[in-house]
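In: Show me how the following folds:
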Amino acid sequence: MAIDVRPLKLVDNVDILNAIREDASSDYQRRIPEATKAGLQDQLRHLEDFGPGWNEFQDSLINRIGLVLIKNTSWTNPLAMFKRGMLTYGNTIEEIQMGLITAKGYDADREELEAELFGRAPLDVQTNFHKINRTDKYKISVNPDLLKRAFLDDGGLGNFLTDTLSVPTTSDQWDEFLITCKLISEYASNGGFFKVHVPDVVSATSDGTDARSILRTMRAMAGNLKFISSRYNAAHMPMAATPDELIVICSPEFNAAVDVEALAGAFNISKAEMFGRIVEIPQEQFGIDGAQAVMTTKDFFVIADNKIENTSMYNPSSLHSNYWLHHWQVISASRFVPAILFTTGAGDDIIQVSTPVTSVTAVTTIDRNGDTVTSVYRGEIYSLNADAVTGNPDSVNTGVRWSITGNTSNRTYVTLSGVLHVGGDEGATAITATATSTWLDPAGIMRNGKASSESLTVTGDAVADWPEVDTLTGITVKGVAVTLVAGTYTYSVAVTGGTITATDVVVAGVDSSNVTTTVNTAGTQAKIELDSVAGDPVYTINVTTA
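Out: The predicted model follows:
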């Protein structure tokens with residue numbers, strides 16, 4: 001059972017003794033009376049006479065009461081805000097970061113083969129393992145004679161605890177702080193930070209112009225971090241951080257030079273909130289020449305305690321007790337969190353990588369059976385494939401724009417994803433499929449780049465929308481009526497003189513306005529053709545002399 005000692009209130013000897021007695025063993029409670037201010041010497045005498053009780057008292061005083069009281073008087077690590085609690089099980093913290101997925105266009109008509117249906121699409125995943133890397137211990141020795149003297153003063157036990165335990169506790173906190181600060185320079189030496197050049201505001205000679213300049217830069221960086229980017233973290237994973245997540249680690253000199261209210265404006269928060277976002281460390285603890293400040297989030301440091309424990313052993317030879325404060329923990333830094341180092345040194349250049357298309361692969365046409373073909377059937381659909389090739393083998397710029405030329409039917413077309421629809425009424429005997437890369441010129445105008453084409457033979461019977469039999473209800477040649485028979489398109493007509501011109505032929509019917517009449521040079525044969533769409537009939541009239 002834990003002892004509830006109010007840590008914010010200084011307690012006297014009676015409070016401490018009774019708190020220990022309340023949590024002690026039944027044997028201790030039976031042998032040691034409840035303490036009063038008038039009976040402290042009497043209780044001390046009982047403790048001296050009862051050896052096991054003295055040992056139990058001393059261990060409880062140091063290991064339980066002392067650790068609670070001393071937290072209010074010892075120095076506290078200002079970077080403790082980054083700690084993630086206790087690592088109760090195991091010795092490793094696993095940190096996982098997922099990448100993004102490249103989108104693919106959806107087309108309901110495109111046939112998806114086994115590679116799409118059953119193939120793997122592994123995620124871009126990176127993992128960091130942070131293991132326990134600090135296992136320190138701090139030893140103190142307690143002389144029982146000094147402890148007995150503490151009974152003589154009303155607050156003697158509390159003062160004894162403060163004097164005795166503040167040293168290992170403060171030493172532990174200071175070491176934790178120094179190790180955490182050391183991570184900053186280690187992170188920088190391994191190229192973890194994205195560096196941004198700024199003026200030196202830490203220098204005593206800096207002026208308001210320098211401060212305004214660095215504020216403007218920090219405001220811009222806080223805005224850029226809102227958007228997903230792989231530039232600003234060591235693992236180059238796609239990450240973002242909103243302004244309310246950001247924290248500035250800086251020196252007192254930097255904090256004094258920069259207007260906190262203006263800095264709060266850069267983060268879009270109030271001045272009061274900004275004070276909680278600034279973490280000060282001594283300038284020398286950065287360990288980086290020219291370092292001004294670090295902008296990151298609370299997740300930058302990966303710090304977790306695994307064991308905080310007091311152990312003890314009595315030395316009968318010297319009549320004193322040894323106590324060890326053990327502190328095991330993980331102290332590491334995340335490679336996935338955005339981390340910006342503002343420095344007077346050179347900043348990191350943002351390199352715009354140009355990957356111009358050098359060629360487009362040959363166009364291939366795949367039918368519904370998965371076979372590569374060079375001829376297409378009217379009324380069928382096909383998958384066209386071609387990739388844009390760049391000089392960078394890792395480039396994902398493989399998209400092309402598809403087009404079809406040579407077709408006579410507006411029902412022959414190709415989709416954005418390369419699905420070719422061949423119209424059932426296509427009248428052409430060949431069409432050309434072209435894959436073209438595109439690019440934006442400096443004026444922002446879309447230009448055609450490299451291209452690749454394939455000529456496809458069009459075969460198969462035409463598919464008529466409506467039956468064309470007897471669509472013309474009448475044909476008259478020089479006034480002589482032609483008796484039309486369903487399914488028959490060639491006729492002979494006897495007319496005066498045995499020759500005709502185009503104006504001698506008159507047609508009637510629903511398609512009469514869409515016909516073309518041509519007569520051969522001799523005037524002995526007329527062709528009556530509908531709208532030249534595949535599948536439409538052509539009437540042939542042979543003329544003889546009446």
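In: Tell me, please, where in the stretch 101-250 of the chain the pLDDT is lower than the cut-off.
Out: 103, 105, 107-119, 143-163 (pLDDT under 70).
In: what are the ranges of the helices in it?
Out: 114-118, 144-149, 156-189, 208-224 (DSSP state H, counting those that start in this stretch).
In: same question, the chain
Out: 13-23, 26-31, 40-49, 51-60, 67-70, 114-118, 144-149, 156-189, 208-224, 252-257, 260-267, 271-275 (DSSP state H).
In: Can you tell me which helix or strand of this protein has the lowest average pLDDT?
Out: Of all helical and strand segments in the chain, the minimum by mean pLDDT, DSSP states H and E falls on helix 67-70, at a mean of 51.
In: can you list contacts of stretch 286-296?
Out: Here stretch 286-296 makes contact (C-beta atoms under 8 Å, 6 or more residues apart in numbering) with 181-182, 184-185, 188, 193, 198, 200-202, 214, 218, 221-222, 225, 246-251, 254, 283, 337-345. C-beta: built from backbone N, CA, C; applies to glycine.
In: can we see that at 7 Å?
Out: For stretch 286-296, the external contacting residues (C-beta atoms under 7 Å, 6 or more residues apart in numbering) are 182, 184-185, 188, 198, 201-202, 214, 218, 221, 246-250, 254, 337-345.
In: residue ranges of the strands in the stretch 401-546 of the chain, please?
Out: 401-405, 413-414, 419-421, 430-440, 446-459, 472-477, 480-482, 490-495, 505-509, 516-519, 525-529, 538-545 (DSSP state E, counting those that start in this stretch).
In: For Thr372, give me the pLDDT.
Out: pLDDT recorded at Thr372 is 92.
In: Test of understanding: give the bridge partners of it.
Out: Ile366 (DSSP bridges).
In: From what I see, it and Val363 are in contact.
Out: No: Thr372 is beyond contact range of Val363, at 10.5 Å (criterion: C-beta atoms under 7 Å).
In: what do the two both touch?
Out: Joint contacts of Thr372 and Val363 (C-beta under 7 Å, 6+ apart) do not exist.
In: Counting neighbours, go ahead and name the busier of the two.
Out: Ranked by neighbour count (other C-beta atoms under 10 Å), Thr372 and Val363 place Val363 first, with 21 against 9.
In: Quick check: closest non-adjacent residue to the more buried one.
Out: In this structure, Val363 finds its nearest non-sequential neighbour in Glu454, 3.9 Å apart by C-beta to C-beta, 6 or more residues apart in numbering.
In: ok, now which ones touch the one you found?
Out: Val363, Thr365, Ala433.
In: one more time with 8 Å, if that's ok
Out: Applying C-beta under 8 Å, 6+ apart, the residues near Glu454 are Ala362, Val363, Thr364, Thr365, Thr374, Thr432, Ala433.
In: ok so, going back, how about the strands of the stretch 401-546 of the chain, which one is nearest Gly208?
Out: strand 430-440 (41.9 Å; C-beta to C-beta).
In: what helices or strands is that closest one leaning on?
Out: Contacts defined by 3 or more C-beta pairs under 8 Å, 6 or more residues apart in numbering; DSSP states H and E place strand 430-440 against strand 357-360, strand 401-405, strand 446-459.
In: can you tell which of those is closest to Asn310?
Out: With respect to Asn310, and counting by C-beta to C-beta, the nearest of those is strand 357-360 at 68.5 Å.
In: For Ser230, see how far away the residue nearest the centre of the chain is.
Out: Central residue of the chain (C-alpha atoms, centre = their mean): Pro238, 3.7 Å from the mean position. Distance, Pro238 to Ser230, using C-beta to C-beta, to the nearest Å: 5 Å.
In: Check Gln97 too.
Out: Taking C-beta to C-beta, one finds Gln97 at 11 Å from Ser230.
In: Which residue ranges make up the domains of the protein?
Out: 86-142+181-351, 357-459, 472-545 (automatic domain parsing).
In: and for stretch 195-208, what are the contacting residues?
Out: So stretch 195-208 is contacted by 209-211, 213-214, 217, 221, 251, 253-254, 257-258, 283, 290, 292, 340-348 (C-beta under 8 Å, 6+ apart).
In: Is Asp461 in contact with Arg378, as I believe?
Out: Yes: counting by C-beta atoms under 8 Å, Arg378 is a contact partner of Asp461 at 6.9 Å.
In: quick one: which of the two has more around it?
Out: Neighbours were counted for Asp461 and for Arg378 using other C-beta under 10 Å; Arg378 has more, 22 against 11.
In: what sits against the more buried one?
Out: Val422, Gly423, Gly424, Asp425, Glu426, Val458, Thr459, Gly460, Asp461, Ala462, Val463, Ala534.
In: for it, phi and psi?
Out: phi -60, psi 140 (degrees, to the nearest 10).
In: Disregarding residues adjacent in the polypeptide, which is nearest to it?
Out: Gly460 (4.3 Å).
In: Around the one you found, count how many other residues there are.
Out: Applying other C-beta under 10 Å, I find that Gly460 has 15 neighbouring residues.
In: Quick one: residues contacting it.
Out: Tyr377, Arg378, Gly379, Glu380.
In: Put the buried members of these into a ChimeraX selection.
Out: In ChimeraX syntax, the buried subset of the contacts of Gly460 is picked out as below (16 or more other C-beta atoms under 10 Å):
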select :377,378,379
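In: In strands, which of the contacts of Gly460 fall?
Out: Tyr377 (DSSP state E).
In: With distance to Ala443 and pLDDT as extra columns, can I get the contacts of Gly460 in JSON lines?
Out: Converted to JSON lines, the contacts of Gly460 look like this (distance: C-beta to C-beta, whole Å; pLDDT from 0 to 100):
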{"residue": "Tyr377", "distance to Ala443": "44", "pLDDT": "93"}
{"residue": "Arg378", "distance to Ala443": "43", "pLDDT": "92"}
{"residue": "Gly379", "distance to Ala443": "43", "pLDDT": "89"}
{"residue": "Glu380", "distance to Ala443": "42", "pLDDT": "91"}
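In: Just tell me which of the strands of the stretch 401-546 of the chain ends up closest to Asn306.
Out: Using C-beta to C-beta, the nearest of the strands of the stretch 401-546 of the chain to Asn306 is strand 430-440, at 54.8 Å.
In: I'd like the distance between Thr521 and Val495.
Out: From Thr521 to Val495 the distance is 17 Å (C-beta to C-beta).
In: Which one's more surrounded, the two?
Out: Val495 (17 against 6).
In: for that one, which residues make a bridge with it?
Out: Beta-bridge partners, per DSSP bridges, of Val495: Thr545.
In: Test my guess that it contacts Lys478.
Out: Yes: counting by C-beta under 8 Å, Lys478 is a contact partner of Val495 at 4.3 Å.
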